[in-house]
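J.: next comes the sequence, and after it the predicted model I'd like to discuss.
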Amino acid sequence: MRVHRNRHDSSFVVVPNAAARHNQLSLAAVGLLVRLLSLPDSAHVTIEKIAEQVEEGRTTVARAFRQLEAAGYLRRVRAQDPETGLWSTQSHISDIPMNTIPTVGGPDGRSVGDLPKGEKNQVKNLLPKPLPKCDGDEPDAAGVQEEEIEDQQAQAAPADAETGRAAAVLAKLGDNDRRLTLGTADVLRLAPLAAEWLAEGHSQVKLLTVLTTRLPQRIDSPAALVAYRLKTHRPAKPVPAAPKATPAPDTRARCQQCDAVFPAGVIHSLCKTCSADSRRDQAATGAEAAGLLAAIRQRRESGTFAKGAKSRFIPAAA
């Protein structure tokens, strides 16, 4: 067999031989890997969408996805959106098995795919380095005493709440992405930088979002990446919300009977409802009094009551 290869300047994908000749991957899985690597970043891909574009059915496509995930070329991460609270699954595809990528620190020995280790790379180290100490130097007694006093004060001082919250966020980075797992020493070293974010008013969710979104395909040193983002990706200081103004007192007139509020500028003693009820009560009382007076006149005219008597049982005055 003679292989004819052409040079392409654009619209091409590079696949390593280890993936193209993988013995544990079916031809459908290898073809699916090539297809996924050719798609742009942040492309929306599902099993149903791929099955609609190829002749293989959904079962074959789903089996190919499982083979790629088992071989380490595909990784699915389920995360929650900090703004909406909705859960979603993010798929990561790589041309090399992701289960072979180191999770903490840089690789030992030769740095694969990177510049040779030397003086040029020393300036890229973003982590603070401890000051060198000379073995022959002996500190004087005053210096030793001052250091002991500072150590005692540091131990006696209460732990900073913001530094503790920042350290908790940094310790949970590996839960969002395994490649961002930090050791205890790195968490303690980077916690003061993250605490500055919280001191400015940024929330823990904002800090976690900035450190875990739009990550590079390969992370050799998670501590250096986190330190770089803490120093260069800090958002603007949030503006504090204006305090709510105290509402003005309600000076509108109210009904004296039911305490209903009158419109602004209207002053009455009773509202319409209470006024109508009062008029009905007055009308009923007046009608009752008029009927009683009419009955008294009628009985007087009939002789039942003597003129000037208060009762029929009391005789009229002489």
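T.: Perfect, thanks for sending it.
J.: which pLDDT value goes with Leu198?
T.: At Leu198, the model reports a pLDDT of 86.
J.: same question, Ala64
T.: Looking at Ala64, its pLDDT stands at 91.
J.: same question, Gly136
T.: Taking Gly136 on its own, its pLDDT is 51.
J.: and for Leu68?
T.: What the model reports for Leu68 is a pLDDT of 91.
J.: cool, and the one 10 residues further on?
T.: At Arg78, the model reports a pLDDT of 81.
J.: got it, and Pro158?
T.: Pro158 is given a pLDDT of 38.
J.: next helix or strand past whichever strand or helix holds Arg66?
T.: Per DSSP states H and E, Arg66 falls inside helix 58-71. As assigned by DSSP H and E, the chain's next helix or strand after helix 58-71 is strand 74-80.
J.: may I ask which helix or strand encompasses Glu288?
T.: Here Glu288, judged by DSSP H and E, is contained in helix 272-301.
J.: buried residues, the helix holding Arg66. List them.
T.: The neighbour-count check on helix 58-71 (16 or more other C-beta atoms under 10 Å) flags 60-61, 63-65, 67-68, 71 as buried. To be clear about C-beta, it is placed using only N, CA and C from the backbone, and glycine gets the same treatment.
J.: what's the answer for stretch 257-277, then?
T.: Within stretch 257-277, the residues that qualify as buried are 270-271, 274, counting by 16+ other C-beta under 10 Å.
J.: kindly indicate which of those residues lies nearest Ala194.
T.: Nearest to Ala194 out of these is Cys271 (C-beta to C-beta; 61.5 Å).
J.: in the stretch 1-150 of the chain, what residue spans correspond to strands?
T.: Ranges of strands in the stretch 1-150 of the chain, per DSSP state E, counting those that start in this stretch, are 74-80, 87-93.
J.: looking at these, which is nearest to Arg234?
T.: Among these, strand 74-80 comes nearest to Arg234, with 22.2 Å by C-beta to C-beta.
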